[in-house]
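Q: here are the coordinates; sequence isn't available:
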């Protein structure tokens, strides 16, 4: 069940939750997401290198949600949720866009795609985390879930 503010059309600033953050669909709020996530991960005692891997991945996913999912529509939201455990960090990024077929993404390292300016986001994310899953979201958009295993 979505909180009422997630469906609200007048959201103008981030909404901070105990397990995440919801932002209007604008790159202006990427720094808010980054700051909040890094603060939470740091408080959990996660090392700086792992925090950087997660932060890069989440920034890429949120950027994709804003640009490709919600198409900069400020009446749409991006919801970032996280679960921090001793052995792993799970994060989901959900947009309210039209969704897409993950299996149809072109290979970003294929010769014909090497000079393209877009199309490397999920490829980059996969290099920083242990698992990536792309699913249809309850909002009708897309939910990308990542998992980063933590060193014992």
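A: Here it is on my side, so go on. Only a predicted model underlies this, so the values are computations on that prediction, with no experimental measurement involved.

Q: Now do the spatially closest residue to residue 125 that is not a sequence neighbour against residue 13, distance only.
A: Excluding its sequence neighbours, the residue lying closest to residue 125 (Cβ to Cβ, 6 or more residues apart in numbering) is residue 57, at 4.5 Å. All C-beta spots, glycine's among them, are computed from the backbone N, C-alpha and C. Distance, residue 57 to residue 13, by Cβ to Cβ, to the nearest Å: 24 Å.

Q: Counting neighbours, go ahead and name the busier of those two.
A: A count of neighbours by other Cβ atoms under 10 Å puts residue 57 above the other of residue 57 and residue 13, at 24 against 10.

Q: Assign the more buried one to helix, strand or coil.
A: Here residue 57 is recorded as helix under DSSP: H, G, I helix; E, B strand; the rest coil.

Q: show me what contacts it?
A: Residue 57 sits next to 91, 124-125, 128-129, 146, 148 when contact means Cβ atoms under 8 Å, 6 or more residues apart in numbering.

Q: I would like a ChimeraX command selecting only the buried ones among those residues, please.
A: Command for ChimeraX that selects the buried part of those, burial taken from 16 or more other Cβ atoms under 10 Å:
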select :91,125,128,129,146,148
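
Q: just the contacts of residue 57 now: which is nearest residue 79?
A: Checking the contacts of residue 57 against residue 79 with Cβ to Cβ, the nearest one is residue 91 at 11.0 Å.
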